[in-house]
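[1] Test case, fold it:
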Amino acid sequence: MTLDKLIADCQKNDRKAQEALYHKYASILFGLCLKYSPNRVEAEDNLQDAFITIFGRIGQYTGKGSFEGWIKRVTVNTVLQKYRKKRVLTLPEDDILEAAEEFTEDEPSLPLSFLLSIIQELPERYRLVFNLYVLDGYTHKEIGELMGISDGTSKSNLARARILLRSKIEAHHKAADNN
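    Okay, here's the model as predicted:
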């Protein structure tokens, strides 16, 4: 079945088409949910909520642009709505290693547990902006629209997140040098 046919059938609330769409994109969207969820169980809940939203709004997809891009945007927005209510966010370990590269070029041997802990220690808004900008490639304008803040606030939050991460890495190096 082609993607266009699958989408058209989902727009008609065809349960088999919805199941096929779920199986086609669940793993991709689950990885995205992990970036914004504090644990695997909540990521699974977020994935289910995202698919409920996708199926509820699939009639709004016009065929312009990438369908995968559209469902990713719906997923991020669905999870961010929960974030706004709960004020909870963490990053998955694989992305932490990539994100930390900009801070650890000279010393790539930092333990993953340390990197995870310092990113989790960031104030929630800094952590969210850091994730959206560094890991997901959103612009400050897009982040501002998603979070209901100005572009300047997004830039400021990212700069502060980077400063905090660098200072924690430097403190870690100093402590290691003293041992």
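[2] Have a look at the chain and report the helix or strand with the lowest mean pLDDT.
    Within the chain, judged by mean pLDDT, DSSP states H and E, the helix or strand with the poorest mean is helix 93-100; its value is a mean of 49.
[3] Run a quick neighbour tally on Ile7.
    The local packing of Ile7 (other C-beta atoms under 10 Å) involves 17 other residues. Where you see a C-beta, it was placed from the backbone N, CA and C, and this is true even at glycine.
[4] Is it in a helix, a strand, or coil?
    Classification of Ile7 by DSSP: H, G, I helix; E, B strand; the rest coil places it in helix.
[5] Which residue is the nearest non-sequential neighbour of Arg40?
    Leu34 (7.2 Å; C-beta to C-beta, 6 or more residues apart in numbering).
[6] surely the one you found meets Glu44?
    No - Leu34 is not in contact with Glu44 according to C-beta atoms under 8 Å; the separation is 9.5 Å.
[7] ok, so what distance separates the residue most central in space within the chain from Ala26?
    The geometric centre of the chain, computed from its C-alpha atoms, lies nearest to Lys35 (C-alpha atoms, centre = their mean), at 4.0 Å. From Lys35 over to Ala26 the distance is 15 Å, taken as C-beta to C-beta, to the nearest Å.
[8] Over to Phe51?
    Note on Phe51: its distance to Ala26, by C-beta to C-beta, is 8 Å.
[9] Can you pick out the residue with more neighbours from the two?
    Legend: neighbour count by other C-beta under 10 Å for Phe51 and Ala26, higher for Phe51 (20 against 16).
[10] got a list of contacts for the strand or helix carrying that one?
    For Phe51, the host element (DSSP states H and E) is helix 40-57. Helix 40-57 is contacted from outside by 10, 13, 18, 21-22, 26, 29-30, 33-34, 36-37, 71, 74-75, 77-79, 82, using C-beta atoms under 8 Å, 6 or more residues apart in numbering.
[11] switch the cut-off to 7 Å
    Contacts made with helix 40-57 from outside it, assessed by C-beta atoms under 7 Å, 6 or more residues apart in numbering, are listed as 10, 18, 22, 26, 29-30, 33-34, 36-37, 71, 74-75, 78-79, 82.
[12] any idea which of the residues you listed is the one closest to Gly59?
    Of all those, Gly59 sits closest to Cys10, with 9.1 Å by C-beta to C-beta.
[13] Tell me how many other residues surround Asn13.
    11.
[14] Oh, that last question was meant for Val76, not what I typed.
    Per other C-beta under 10 Å, the neighbour tally for Val76 reads 22.
[15] quick one: it and Asp177, what's the gap?
    With distances defined as C-beta to C-beta, the gap from Val76 to Asp177 amounts to 40 Å.
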